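Peer 1: Here's a sequence, model it:
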Amino acid sequence: MDEILFTHEARNRLLEGIRKLHDGVASTMGPNGRTVIICDEYGNPRITKDGVSVARSINFKDPVEQLGAVLIKEVAERTVDQAGDGTTTAIVLANAFIQNLKGFNSLEINKAFDIVIPRVIQHLKKNSRKLKREDIKYVASISANNDIQIGNIIQQAYNFSNVVKVEESNSLEDIIDEISGMKLDVSFLSKRFANTTRETCEFTNPHVLIIDGKLEDLMTLKTILTTLSNRSFL
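Peer 2: Presented below is the predicted three-dimensional model:
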């Protein structure tokens, strides 16, 4: 049976979900923030201090508390989409605003925000400076708990390319692997596609389709595959 709540009971349970999620994420705030251990669906531990990752992993059995958590998660998601960082700060600020709204008219607060926010943005733009490419190491070092060695490595990577991928290493060393073009871990499914003498796999005028997303159903590619199978097109 559906549960319907009103006034103080509904508000208090929503606030409890927001507070719990805030408490779980707030400890990771800033370059000196603490790390959090979270488990994936298979029970494997993951150590991180990324606020949005921690927020995504927190769920509650109470549906009303979960609704409050979802509201505050949206703050983190929008922040990471628009700014790429500052998710923990956004959650801390949102929780502070929400927890202290008692006795205030929400409509008046929204009107005040409409006036204050443009002024804050204007002030930040006035007092900010544009980062140079060589400043990447400082930003990266802060994200890596003030580890300047990691910052320098990330700086080197971005000096080579604007596309950087981070993977776990099988050794204790931090390594930069520069790749020109695109590299596929698996280039063919059968050895019959390869020249076994030269140990190469060669294609003549291949048609390459790159998809930015998850391919769950081949039927979505039916039109493309049908066109490519037409010999007159080839």
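Peer 1: Gly33: how many residues sit nearby?
Peer 2: Other residues near Gly33 come to 15 when the count uses other CB atoms under 10 Å. Just so you know, the C-beta spots here come from the backbone N, C-alpha and C atoms, and that holds for glycine as well.
Peer 1: What sits closest to it if chain neighbours are left out?
Peer 2: Computed as CB to CB, 6 or more residues apart in numbering, the closest residue to Gly33 that is not its neighbour in sequence is Lys49, at 5.3 Å.
Peer 1: tally of neighbours for the one you found?
Peer 2: Other residues within reach of Lys49 by the criterion other CB under 10 Å amount to 21.
Peer 1: likewise Thr87?
Peer 2: A count of neighbours around Thr87, defined by other CB under 10 Å, yields 25.
Peer 1: Name all residues that make contact with it.
Peer 2: When contacts are counted by CB atoms under 8 Å, 6 or more residues apart in numbering, Thr87 touches 25, 50-52, 55, 76, 79-80.
Peer 1: Can you show me the helices along this protein?
Peer 2: All helices of the chain, identified by DSSP state H, fall at 7-26, 51-57, 63-82, 87-99, 106-127, 136-143, 148-160, 222-228.
Peer 1: Out of those helices, which gets nearest to Ser180?
Peer 2: The closest of the helices of the chain to Ser180 is helix 148-160. By CB to CB, the value is 9.5 Å.
Peer 1: next one: the lowest-mean-pLDDT helix or strand in the chain to chain centre, how far?
Peer 2: Every helix and strand of the chain was ranked by mean pLDDT, DSSP states H and E. The lowest is helix 222-228, at a mean of 81. Chain-centre distance of helix 222-228: 34 Å, with CA atoms, centre = their mean, to the nearest Å.
Peer 1: hang on, the earlier thing: please identify the deepest-packed of the helices of the chain.
Peer 2: For the helices of the chain, average neighbour numbers computed from mean count of other CB atoms under 10 Å are highest in helix 51-57, which has a mean of 21.
Peer 1: tell me what that helix is packed against?
Peer 2: Contacts of helix 51-57 with other secondary structure elements, assessed using 3 or more CB pairs under 8 Å, 6 or more residues apart in numbering; DSSP states H and E, are made with helix 7-26, strand 36-39, helix 63-82, helix 87-99.
Peer 1: And those: which comes nearest Leu107?
Peer 2: Judged by CB to CB, the one of the helices and strands packed on helix 51-57 that comes nearest to Leu107 is helix 87-99, at 14.6 Å.
Peer 1: So for the closest one, mean pLDDT?
Peer 2: The average pLDDT for helix 87-99 rounds to 91.
Peer 1: what separates it from the chain centre, distance-wise?
Peer 2: On the basis of CA atoms, centre = their mean, the separation between the geometric centre of helix 87-99 and that of its chain is 18 Å.
Peer 1: just to revisit the earlier point, tell me the one of the contacts of Thr87 nearest Ala96?
Peer 2: Sorting those by how near they are to Ala96, with CB to CB, puts Val25 at the top with 13.0 Å.
Peer 1: Now do that closest one, the pLDDT please.
Peer 2: The pLDDT attached to Val25 in the predicted structure is 93.
Peer 1: how far away is it from Ile47?
Peer 2: Here Val25 is placed at a distance of 15 Å from Ile47 (CB to CB, to the nearest Å).
Peer 1: Is it correct that the residue nearest to Gly33 is in contact with Ala144?
Peer 2: No. Because the distance of 9.8 Å does not satisfy CB atoms under 8 Å, Lys49 is recorded as not touching Ala144.
Peer 1: Would you map out the domains in the protein?
Peer 2: The chain breaks down by automatic domain parsing into domains covering 7-127, 191-228.
Peer 1: Let me have these in JSON lines, adding distance to Ser171 as columns.
Peer 2: Shown next, in JSON lines, are those (distance: least, CB to CB, whole Å):
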{"stretch": "domain 7-127", "distance to Ser171": "19"}
{"stretch": "domain 191-228", "distance to Ser171": "26"}
